[in-house]
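Participant: got a predicted structure plus its sequence, pasted below:
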Amino acid sequence: MPLRVTSSRPGRGRLVTAPPGRLRAIRGALQGGCRGAQEAVAAGPARGGHAAPHLARGDAHGGRVAGRRPSRTGITRGPATSGGRRTLRAGSRASIPRRVNILVHKYGGTSVNGPERIRAVARRIAEARAAGHAMVVVVSAMGDTTDDLIALARQVSPQPSRREMDMLLSTGERVSMALLAMALHDLGVQAISFTGSQSGILTDEAHSNARIVGVKPDRIRAALDASKVVIVAGFQGVSPVTKEITTLGRGGSDTSAVALAAALGRARCEIFTDVDGVFTADPRVAPAARLVPRLGYRACSALAHLGGRVLHARCVDLAARERVPLAVRSSFRDTPGTEIAEDLVEAPRVEAVTHRADVSLAIAEGNAGGKGEARGILESVSEQFPALELVAHEQATATHGALVWMGTKDDVLELQSRFRDVRGPGGEWRLEVVHDAAFVSLIGLGLGAPEAARAERALEKAGVPLVALRVTAAALVFRVENARVNDAVRALHGEFIA
């Protein structure tokens, strides 16, 4: 199979070489297998048809932003800049003293997994408060609580309602927030816990994978005014349209924390987890991996989208757009961690190596029976299978098109079994699935042909066959055999970083 190289820069998605007899988008997805680079690494406005969240912003030091009358919803936008972009302004009055710095902490499931860990987190929060910070803390569900609840639901119902799943899964974070507030009380620290809806986190109507559309942190500000530590249940919000509880999808607590930090005046946001920060590779695969002390927004976004497991990709994209100071730290050790900030202008450099193994692809190809039929399939899959990632959509001719999604084997098989219903009547669309795909990515801005050639030599030396290469704005993505993915990670890490 001939090698192809694609670029995801706008207007430059042409093929250098292409195998005959197959739509380009199909082979691009099968061989390159990553999300569109513009979505994966953009530090600009939200993509994929989702509106950017309207964040009612004040001042990270507690003051009201003057010069704008609050809107009826409490969310306003400032005047357009010369570039046409509007800045977000506060829509509600806040009386937090300016000398107090707001600091947002987020603690993952392993960090609050049990009474001892919760008490340890409470002590860390108390220390930060004693240092002069007004504390807002976002928590995930304890340990494997979410997985256990999903398994329990499927024992009761093989295809549970997404609405009821949101009601069920949102309880995990509520347990964590209440227990952490109790631990702080025992330390003599005033604290109050809020659900996502009580915190003013507003989302769209999509159950299981909702997007944040706005934040109105009025109750949080009032609690901070009263010198209380605010504990927020992550991963959840409420739709202002349906008044229903929604969840944000896996890793959504990261996004909750960044959204609140942005709404509170670009407050610093620290994500606490069970590792020391972002590493140059997964240390379990590449023992020589080392901590990255500083990483740019765009490189971190690419890392998250292409397999990095430390940060949720949507959280990084939101932090980049809102310019929220972000850090990744260990909740088990007192170390500086990794700072996520503006990208530095410099020569091309590989920042990290990441990978995705055991990936399945779903490729729909067919003749559209009418205008907008492919779009209808896209909308149906997006609504019914929110966990699947759209990789490609190409209209080769006026009537012939292709759609490609990436996800877990279970999700792809479920789409395959229900595709006839999903596609609806009319047209001649068929779905092909490919399992056990694997991708290894070099993360860094400005990587191109010299780095690609060097990587290919390193893989060849390690005896790892290269299936294909895809070029994006912040990564080189290599498809390799699933069984050799760890060998590929070690080879590329050794060549470019170790």
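Facilitator: Structure's in. What do you need?
Participant: which stretches of the stretch 151-300 of the chain form helices?
Facilitator: For the stretch 151-300 of the chain, the helices defined by DSSP state H, counting those that start in this stretch occupy 162-186, 218-225, 252-263, 297-305.
Participant: and what of the stretch 351-498 of the chain?
Facilitator: Using DSSP H, counting those that start in this stretch, the helices of the stretch 351-498 of the chain run over residues 373-384, 409-423, 449-461, 485-496.
Participant: just these: most buried one?
Facilitator: helix 485-496 (a mean of 22; mean count of other CB atoms under 10 Å). Backbone N, C-alpha and C define where each C-beta goes, glycine included.
Participant: now tabulate the helices of the stretch 351-498 of the chain in TSV and tack on mean pLDDT.
Facilitator: What follows is those, written out as TSV (pLDDT from 0 to 100):
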stretch	mean pLDDT
helix 373-384	85
helix 409-423	89
helix 449-461	95
helix 485-496	96
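Participant: out of the ones you listed, nearest to L403?
Facilitator: Of all these, it is helix 373-384 that lies closest to L403, at 6.3 Å by CB to CB.
Participant: tell me the angle that closest one makes with helix 409-423.
Facilitator: Note on geometry: by axes from the mean of the first three to the mean of the last three CA atoms, to 10 degrees, helix 373-384 and helix 409-423 are set 130 degrees apart in direction.
Participant: G237 - how many residues pack around it?
Facilitator: 33 (other CB atoms under 10 Å).
Participant: got the contact list for it?
Facilitator: G237 is in contact with G196, S197, I201, L202, T203, A210, I212, I245, T246, L248, S256, counting by CB atoms under 8 Å, 6 or more residues apart in numbering.
Participant: any idea how far the residue nearest to the spatial centre of the chain is from T255?
Facilitator: The residue lying closest to the centre of the chain (CA atoms, centre = their mean) is A313, at 2.2 Å. As judged by CB to CB, to the nearest Å, A313 and T255 stand 9 Å apart.
Participant: and for E451?
Facilitator: For E451, the distance to T255 equals 31 Å [CB to CB].
Participant: and A122, by the same measure?
Facilitator: Applying CB to CB to A122 and T255 gives a distance of 24 Å.
Participant: mind checking which of these two has more residues around it?
Facilitator: Per other CB under 10 Å, whichever of A122 and T255 has more neighbours is T255, with 29 against 25.
Participant: so who does that one touch?
Facilitator: Contacts of T255 by CB under 8 Å, 6+ apart are I212, L248, H312, R314, C315, L318.
Participant: which of those residues sits closest to V440?
Facilitator: Of all those, the one with the least separation from V440 (CB to CB) is H312, at 21.0 Å.
Participant: tally up the residues packed near the nearest residue to that closest one once chain neighbours are set aside, please.
Facilitator: Spatial nearest neighbour of H312, chain neighbours left out: G251 (3.1 Å); criterion: CB to CB, 6 or more residues apart in numbering. Neighbours of G251 under the rule other CB under 10 Å: 20.
Participant: and G251, what does it touch?
Facilitator: L311, H312, A313, R314, C315.
Participant: what does I118 give?
Facilitator: Contacts of I118 (CB under 8 Å, 6+ apart): V112, S176, L179, L180, A183.
Participant: can I get those residues in CSV with distance to S331, neighbour count and pLDDT?
Facilitator: Below are these laid out as CSV (distance: CB to CB, whole Å; neighbours: other CB atoms under 10 Å; pLDDT from 0 to 100):
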residue, distance to S331, neighbour count, pLDDT
V112, 8, 28, 97
S176, 13, 28, 98
L179, 15, 21, 98
L180, 12, 23, 98
A183, 14, 23, 98
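Participant: using CSV, lay out these together with distance to V464.
Facilitator: Shown next, in CSV, are those (distance: CB to CB, whole Å):
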residue, distance to V464
V112, 39
S176, 42
L179, 47
L180, 45
A183, 48
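Participant: out of these, who's nearest L152?
Facilitator: Nearest member of the contacts of I118 to L152, counting by CB to CB, is S176, at 17.7 Å.
Participant: so the closest one sits against V137, correct?
Facilitator: No - checked against CB atoms under 8 Å, the pair S176 and V137 is beyond contact range at 10.0 Å.
Participant: grab the nearest non-local neighbour of Q190.
Facilitator: The nearest residue in space to Q190 (CB to CB, 6+ apart) is K228, at 4.5 Å.
Participant: what sits against the one you found?
Facilitator: Q190, A191, I192.
Participant: give me the number of residues near the second one?
Facilitator: Read it as A191. Neighbour count for A191, taken as other CB under 10 Å: 23.
Participant: measure it to R221 for me?
Facilitator: Per CB to CB, A191 is found 16 Å from R221.
Participant: how about V433?
Facilitator: Note on V433: its distance to R221, by CB to CB, is 49 Å.
Participant: neighbour count for the two, which is higher?
Facilitator: Under the neighbour definition other CB under 10 Å, V433 and R221 were set side by side, and R221 has more, 27 against 15.
Participant: give me the domain ranges for this protein.
Facilitator: 24-43+351-496, 54-274 (automatic domain parsing).
Participant: include distance to F332 when you put those domains into a markdown table, please.
Facilitator: Formatted as a markdown table, those follow (distance: least, CB to CB, whole Å):
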| stretch | distance to F332 |
| --- | --- |
| domain 24-43+351-496 | 22 |
| domain 54-274 | 6 |
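Participant: which of these sits closest to V324?
Facilitator: domain 54-274 (4.8 Å).
Participant: count of neighbours near the closest residue to R323 other than its chain neighbours?
Facilitator: Nearest non-adjacent residue to R323, counting by CB to CB, 6+ apart: R266, 6.1 Å away. As a burial measure, R266 scores 20 neighbours (other CB under 10 Å).
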